[in-house]
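Engineer: for reference, the sequence and a predicted model appear below.
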Amino acid sequence: MRRILTIVLALVWAGGVALAGDSPQFRGPHRDGRFDEENLLKAWPEGGPPLLWVARGLGKGYSSPSVAAGKLYVPGMLDEQNAAIFILTPDGAIERSIPVGVETEDKQAPGPRSTPTIEGDTLFMISGLGEVYCLDIPSGAKRWSVNILERFAAQNIMYTLAESLLVDGDRVICTPGGPDAGLAALNKQTGETIWTTKGFGDPASYCSPIIYTHKGRRLLLTETANFLVGVDADSGQFLWQVEHLTRDGIHAVTPVYMDGLVYYTGGYKAGGGAVRLSDDGASAEPAWKDETLDCQHHGVVLDNGYLYGTSHMFSNQLICTQMATGKVMWTTEEVRQGVVEYADGMLYIYEGPKRGIVHLVKAAPEGFERAGMFTVTEGDGNHWAHPAIANGVLYIRHGDVLLAYNLRATP
């Protein structure tokens, strides 16, 4: 059996669509780890929230599920070389799979790591080998595909590419890491190049880019192998870079913006900090630095002026930091290194790589307050995939399985 149903889902989904939203891309609808959800449990019973179902047979991979228009999209391996997009119904049944070709054979994290970005009947994704493709979901056909490493004369990175594509208007934004093409925008209809970052060509890392509006200017922000980077999102004009070195050029945490400040971080004792933008966003100056929160690849979230994330090699704990000043509000070893996300006033933390513990923690700068926990026992491999929350359901990918948990306070 590919799934185990433990509760009837019809009422959950019928009630959930009006109150919550989909999660059509990496780390939620806004790419920032915040999910637009309401009326979720503020405390879990012993053993965690009710398990709705387990879908099996998704193959190897560390991609998150994307959820859009009543379907779930999960990349996974069909065999030792070839990947597919598995499309699931709301009750966890695998409706069909769409083969998409050769994927990475990286031994540490084999299989797809990029999360699909869904827009209408179209899916955008990048393979670990650099193929950006646009998939027509109804037919399963590739409308176009481009290998950005070949097009922009770039080299693949140590653990192969793992960013999740940013769809912005008529463009798909990616990070080739080539000469004069640290970042690039492709036409989402054809795959043709719209712009590249002339004058900036640092190698790629594992970071997914994001766009924030600063005083009316849209800024594209990301971390490459050696820098925090700011780019004009509309023209692709390279604006500024701030050096931040970490082991093997590993940056995998999307920057965070608040009131003219941009927060960045990296693992391996690299720490992080914030830079303050000029009014026009064309330059950035250091605001503060911090060594406590050296987040590796698990993401940080911002809520009411406070950052929440887990450290890597400094202390391996959950940390709350004031965004404006860098002041550490509290730390706790009750929660170890893990993915941190936010919904409805609470933090959802998925510990890895081996523990698989999921924590529910109140998002509060006053101190640590846990409201529940459970352990993921299904699946295999490292607990690294970022969960998704959509329509009142928590989705956790672990190896070739996807688990769904009911987070609704009421049906």
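Structural biologist: That came in fine, so what should we check first?
Engineer: in the stretch 101-250 of the chain, which spans are strands?
Structural biologist: Listed in chain order, the strands of the stretch 101-250 of the chain (DSSP state E, counting those that start in this stretch) span 117-119, 122-126, 131-136, 142-147, 166-168, 171-174, 184-187, 193-196, 210-214, 217-223, 227-232, 238-243.
Engineer: between the ones you listed, which one is closest to A83.
Structural biologist: Proximity to A83 (C-beta to C-beta) singles out strand 122-126 among the strands of the stretch 101-250 of the chain, at 9.4 Å. (Each C-beta comes from the backbone N, C-alpha and C, glycine too.)
Engineer: run the angle between the closest one and strand 131-136 for me.
Structural biologist: Strand 122-126 runs at 170 degrees relative to strand 131-136, counting by axes from the mean of the first three to the mean of the last three C-alpha atoms, to 10 degrees.
Engineer: strand 122-126 pairs with which strands?
Structural biologist: strand 117-119 (antiparallel), strand 131-136 (antiparallel) (DSSP bridges).
Engineer: so what touches it?
Structural biologist: Strand 122-126 has contacts (C-beta atoms under 8 Å, 6 or more residues apart in numbering) with 66, 73, 75, 85, 100, 112, 114-118, 132-137, 143, 148, 161, 163-165, 167, 172, 174, 188.
Engineer: put the buried members of those residues into a PyMOL selection.
Structural biologist: Filtering these down to the buried ones (16 or more other C-beta atoms under 10 Å) takes a single PyMOL command:
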select buried, resi 66+73+75+85+100+112+114+115+116+117+118+132+133+134+135+137+143+148+161+163+164+165+167+172+174+188
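Engineer: still on that earlier bit, with mean pLDDT as added columns, please give the strands of the stretch 101-250 of the chain in TSV.
Structural biologist: As requested, these are exported to TSV (pLDDT from 0 to 100):
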stretch	mean pLDDT
strand 117-119	98
strand 122-126	98
strand 131-136	98
strand 142-147	98
strand 166-168	98
strand 171-174	98
strand 184-187	98
strand 193-196	98
strand 210-214	98
strand 217-223	98
strand 227-232	98
strand 238-243	98
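Engineer: quick one, which of those strands gets closest to L403.
Structural biologist: Ranking the strands of the stretch 101-250 of the chain by proximity to L403 (C-beta to C-beta) places strand 117-119 first, at 20.5 Å.
Engineer: which other residues reach the closest one?
Structural biologist: So strand 117-119 is contacted by 24-26, 66, 68-69, 73, 123-125, 137, 164-167, 188 (C-beta under 8 Å, 6+ apart).
Engineer: among the residues you listed, which one lies nearest to A153?
Structural biologist: Nearest to A153 out of the contacts of strand 117-119 is L165 (C-beta to C-beta; 20.0 Å).
Engineer: assess the claim that the closest one and R171 are in contact.
Structural biologist: No - using C-beta atoms under 8 Å, L165 is not in contact with R171, being 10.1 Å away.
Engineer: among the strands paired with strand 122-126, which comes closest to V361?
Structural biologist: Closest to V361 of the strands paired with strand 122-126 is strand 117-119 (C-beta to C-beta; 28.3 Å).
Engineer: mind listing the helices for the protein?
Structural biologist: Taking DSSP state H, the helices of the chain run over residues 10-16, 148-151.
Engineer: lowest-confidence stretch among these?
Structural biologist: Across the helices of the chain, helix 10-16 has the smallest mean pLDDT, namely a mean of 31.
Engineer: what confidence value was assigned to W384?
Structural biologist: For W384, the pLDDT comes out at 97.
Engineer: quick thing: my sequence starts at 638, can you match it?
Structural biologist: New numbering, starting at 638: the last item is W1021.
Engineer: tell me which residues touch it, please.
Structural biologist: Counting by C-beta under 8 Å, 6+ apart, W1021 has contacts 699, 746, 934, 976, 989-990.
Engineer: can you flag which of those belong to strands?
Structural biologist: Among these, the members found in strands (DSSP state E) are V976.
Engineer: confidence-wise, which of the contacts of W1021 comes last?
Structural biologist: Minimum pLDDT across those falls on A746, with 87.
Engineer: L803 pairs with what?
Structural biologist: The partner residues for L803, given DSSP bridges, come to I810.
Engineer: correction: F1011
Structural biologist: Beta-bridge partners recorded for F1011 (DSSP bridges): V995.
Engineer: one step back: in TSV: the strands of the stretch 738-887 of the chain, plus distance to E683.
Structural biologist: Formatted as TSV, the strands of the stretch 738-887 of the chain follow (distance: least, C-beta to C-beta, whole Å):
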stretch	distance to E683
strand 754-756	36
strand 759-763	38
strand 768-773	42
strand 779-784	47
strand 803-805	40
strand 808-811	44
strand 821-824	49
strand 830-833	53
strand 847-851	37
strand 854-860	40
strand 864-869	43
strand 875-880	46
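Engineer: surely D885 meets M795?
Structural biologist: Yes - the pair D885 and M795 passes the contact test of C-beta under 8 Å, sitting 5.5 Å apart.
Engineer: higher neighbour count, these two?
Structural biologist: M795 (13 against 10; other C-beta atoms under 10 Å).
Engineer: give the contact list for the more buried one.
Structural biologist: 885-887.
Engineer: ditto for N863
Structural biologist: Taking C-beta under 8 Å, 6+ apart, we find N863 in contact with 839-840, 880-882, 886.
Engineer: how does it look with 10 Å?
Structural biologist: Contacts for N863 (C-beta atoms under 10 Å, 6 or more residues apart in numbering) come out as 839-840, 842, 878-883, 886, 888.
Engineer: now do the end-to-end distance for stretch 704-717.
Structural biologist: End-to-end distance for stretch 704-717: 26 Å, by C-alpha to C-alpha, to the nearest Å.
Engineer: got the buried residues for that stretch?
Structural biologist: Of the residues in stretch 704-717, 704-705, 709-715 count as buried by neighbour count, 16+ other C-beta under 10 Å.
Engineer: now do it: distance to the chain's middle.
Structural biologist: Distance of stretch 704-717 from the chain centroid (C-alpha atoms, centre = their mean, to the nearest Å) equals 15 Å.
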